[in-house]
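A.B. asks: Here is a sequence together with a model predicted from it:
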Amino acid sequence: MGDPFEGHYTRITSLSEDAFVATQMTDEVFRTIPESTWRENFRRLLADVPDQKLSMFVNCWHMNEKESMYMWKIYASHHESICVQSTYRKLALLLPDDAFVGIVKYIDYDTDYIDVTFAVNYIVHKRTKFFSRAGTKSRDMASLRKGLT
């Protein structure tokens, strides 16, 4: 919905190359790989984010106890939306095996870190600014399938 940070890594994540490399170097198997390779891998992970976003189909569901007219106005302003009622469990069970269902975590993109080793993490994070809409505390789900573009 117009958020340039959605599906992107945070500022802290972009500055965490040393911590990423240190973590890899403490692993018994990974420490056999040269540090320079881990640095290159980290930079590649960040560089690949824009392309990864283009290879995923994402849809969002909210898990609020009550409907929010404010949310309907934002996401269905042109009367092109439908309402589907389900549960997290039912949705997860009905989606194909290559689909991922996760709960969105709201973070501060200036101070919080997103783990770069799991590509879906970029999709299940949103800025805290989008957490509370018109006084409702939203718990959102995101589901996605890779390679649908």
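C.D. replies: Cool, got the structure. Numbering: from 1, shown residues only.

A.B. asks: Got the phi and psi for Ala99?
C.D. replies: Backbone torsions of Ala99, given as degrees, to the nearest 10, read phi -90, psi 150.

A.B. asks: what number of residues lie near it?
C.D. replies: Per other C-beta atoms under 10 Å, the neighbour tally for Ala99 reads 14. Glycine gets a C-beta too; all of them are placed from N, C-alpha and C.

A.B. asks: same check, this time on the one 4 residues further on
C.D. replies: With neighbours defined by other C-beta under 10 Å, the count for Ile103 comes to 11.

A.B. asks: Can you check the pLDDT for it?
C.D. replies: pLDDT recorded at Ile103 is 82.

A.B. asks: isn't it right up against Lys126?
C.D. replies: No. Contact criterion C-beta atoms under 8 Å: Ile103 and Lys126 do not qualify, at 11.1 Å.

A.B. asks: where does this structure have low pLDDT?
C.D. replies: 1-2, 75, 77, 130-149 (pLDDT under 70).

A.B. asks: residue ranges for the helices of it, please.
C.D. replies: 11-14, 17-26, 35-47, 49-54, 69-75, 88-94 (DSSP state H).

A.B. asks: Adding mean neighbour count and distance to Val120, write those out as TSV.
C.D. replies: Shown next, in TSV, are the helices of the chain (neighbours: other C-beta atoms under 10 Å; distance: least, C-beta to C-beta, whole Å):
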stretch	mean neighbour count	distance to Val120
helix 11-14	17	14
helix 17-26	15	17
helix 35-47	14	13
helix 49-54	12	9
helix 69-75	12	22
helix 88-94	12	14
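
A.B. asks: From Leu93, how far off is Thr87?
C.D. replies: Using C-beta to C-beta, to the nearest Å, Thr87 is found at 9 Å from Leu93.

A.B. asks: which neighbours do those two share?
C.D. replies: Common neighbours of Thr87 and Leu93 are not found (criterion: C-beta atoms under 8 Å, 6 or more residues apart in numbering).

A.B. asks: What count of nearby residues applies to Met56?
C.D. replies: 19.

A.B. asks: quick one: it and Ile123 touch, right?
C.D. replies: Yes. Counting by C-beta under 8 Å, Met56 touches Ile123, with 6.5 Å between them.
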